[in-house]
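# 3D model of this:
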Amino acid sequence: MGAGGEDGDDLTGQAIDWLVALDHGTADQEAFEAWRSAGPRHAAVFAQVAATWRRTSDRRIAAVIESPAADPEPESEGEGAAPKPGLISRRAVAASAAAIAVGIGGAGAFVAWPRRAYAETAIGERRTIALPDGSHALLNTASRVAWRFDDGRDFWLERGEAALLVRAGDRPFRVHSDPIDARLSSGSFNLRLDRDGADLLVRAGRAAAAYRDAQAETIDAGNMLVISDGAAQIETVSPSTMASATAWQHGEIVFDGMRLDRAVAEFNRYLPDKILLGDESLAGIRLGGAFRIAAPDSFLAALRDGFGIASRREHHQIVLYRVATGGIDAARS
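Numbering: from 1, shown residues only. From the prediction side, this is the model:
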């Protein structure tokens, strides 16, 4: 992004790019001020794009999330929009807003764009965030979130996993992510993103959730919206699945018949030195039990003692391999 380009379309495009960067917290503030001061039209076009973006994004999010059938609690309208491609692309919303703003003449006053607040965790770290309305977010390992509570209550999960304890309020509590966007009642929720999809678990309360451009659906307590392989479905959660999904909140991983390859992937979320299967035939072994996240050695010891699977460290990795113990492979599925 630079200061050049006085053509209307080009200048509007620059304003959009600055607006996205400011909203995402990645803009160089000095560079932005230099661009805005480079010519009399820069500040005017930016103000027009910012004001139109606010109005347009509100209307588009309402069209998807706030159908009467999907409304978990009748709250007043608030500001909200998704931060990146997913249910709604902010860049696309900004572009449509710019199309309206192009050609609007006259000098406009600079509109201060409200920036989001951010928090993130390192690998293996958990962190509790007190939100401005009294709600709380517990971040799991390697997670990044953002929030903005100026005209509404908006919370973004950009990566990882977060447990939300939402207080009742006079404005909607909106959660944005790729690929799930939701409007939450007061209650307790868990939202997780990974390479294969995402899931939104409702422990208490209700959620009106939409997957990309699909119709929003209501999820009641004890149910979970699961996104996998590009498909979405709502599942009833058993007590054992609920315990497994929320065990991380008190520092544990629970395996209830999980395959070893999946169990390793779960533990690797918390480990800087990743575990690898040195023998792919180990993948189908089924595991049970609870393990402390902060004590991976107990997991490795259980594999050795219960399944004859030893481990060795190689170049900042932990490699699992089979030890001949006679009959130990009966546990394989």
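
# show me where the stretch 201-333 of the chain has helices.
239-246, 260-268, 296-307 (DSSP state H, counting those that start in this stretch).

# how about those, which one is nearest residue 119?
helix 239-246 (20.2 Å; Cβ to Cβ). Every residue, glycine included, has its C-beta placed from N, CA and C.

# ok, back up a step: so of the helices of the stretch 201-333 of the chain, which one's packed in deepest?
helix 260-268 (a mean of 18; mean count of other Cβ atoms under 10 Å).

# Can you check what angle separates that helix from helix 239-246?
Using axes from the mean of the first three to the mean of the last three Cα atoms, to 10 degrees, the direction of helix 260-268 lies 40 degrees away from that of helix 239-246.

# what residues does helix 260-268 touch?
253, 255, 258, 274-277, 282-287, 291, 296, 299, 303, 309, 320 (Cβ atoms under 8 Å, 6 or more residues apart in numbering).

# If we use 7 Å, what do you get?
253, 255, 274-275, 277, 282-283, 285, 287, 296, 299 (Cβ atoms under 7 Å, 6 or more residues apart in numbering).

# Is it possible to mark the buried ones in the residues you listed?
253, 255, 275, 277, 282, 285, 287, 296, 299 (16 or more other Cβ atoms under 10 Å).

# Among the residues you listed, name the ones in strands.
Among the buried ones among the contacts of helix 260-268, the members falling in strands (DSSP state E) are 253, 255, 275, 277, 287.

# who are the neighbours in contact with the first one?
Right, the one you point to is residue 253. 247, 266-267, 291, 293.

# Please repeat the previous calculation with a cut-off of 6 Å.
266, 291, 293 (Cβ atoms under 6 Å, 6 or more residues apart in numbering).

# now residue 223, which residues is it bridged with?
Here residue 223 sits in beta bridges with residue 202, residue 236, going by DSSP bridges.

# how close does it get to residue 203?
Using Cβ to Cβ, to the nearest Å, residue 223 is found at 10 Å from residue 203.

# Check residue 313 too.
For residue 313, the distance to residue 203 - Cβ to Cβ - is 38 Å.

# neighbour count winner among these two?
Using other Cβ atoms under 10 Å, the more surrounded residue of residue 313 and residue 203 is residue 203, with 19 against 9.

# ok, the more buried one - contacts?
Counted by Cβ under 6 Å, 6+ apart, residue 203 has contacts residue 188.

# Nearest spatial neighbour of residue 32, chain-adjacent residues omitted?
residue 18 (5.6 Å; Cβ to Cβ, 6 or more residues apart in numbering).

# Out of the contacts of helix 260-268, the closest to residue 120 would be?
Using Cβ to Cβ, the contacts of helix 260-268 come closest to residue 120 at residue 274, 19.9 Å.

# Now the closest one: closest residue in space that isn't a chain neighbour?
Using Cβ to Cβ, 6+ apart, the closest residue to residue 274 is residue 268 (4.7 Å).

# Same check on residue 321?
According to Cβ to Cβ, 6+ apart, the nearest residue to residue 321 is residue 278 (4.1 Å).

# what's the spacing between residue 290 and residue 317?
25 Å.

# go on, residue 239?
In terms of Cβ to Cβ, residue 239 sits 36 Å off from residue 317.

# Ok, residue 186 next?
Distance from residue 186 to residue 317, by Cβ to Cβ: 44 Å.

# What helix or strand is residue 178 located in?
According to DSSP states H and E, residue 178 maps onto no helix or strand at all.
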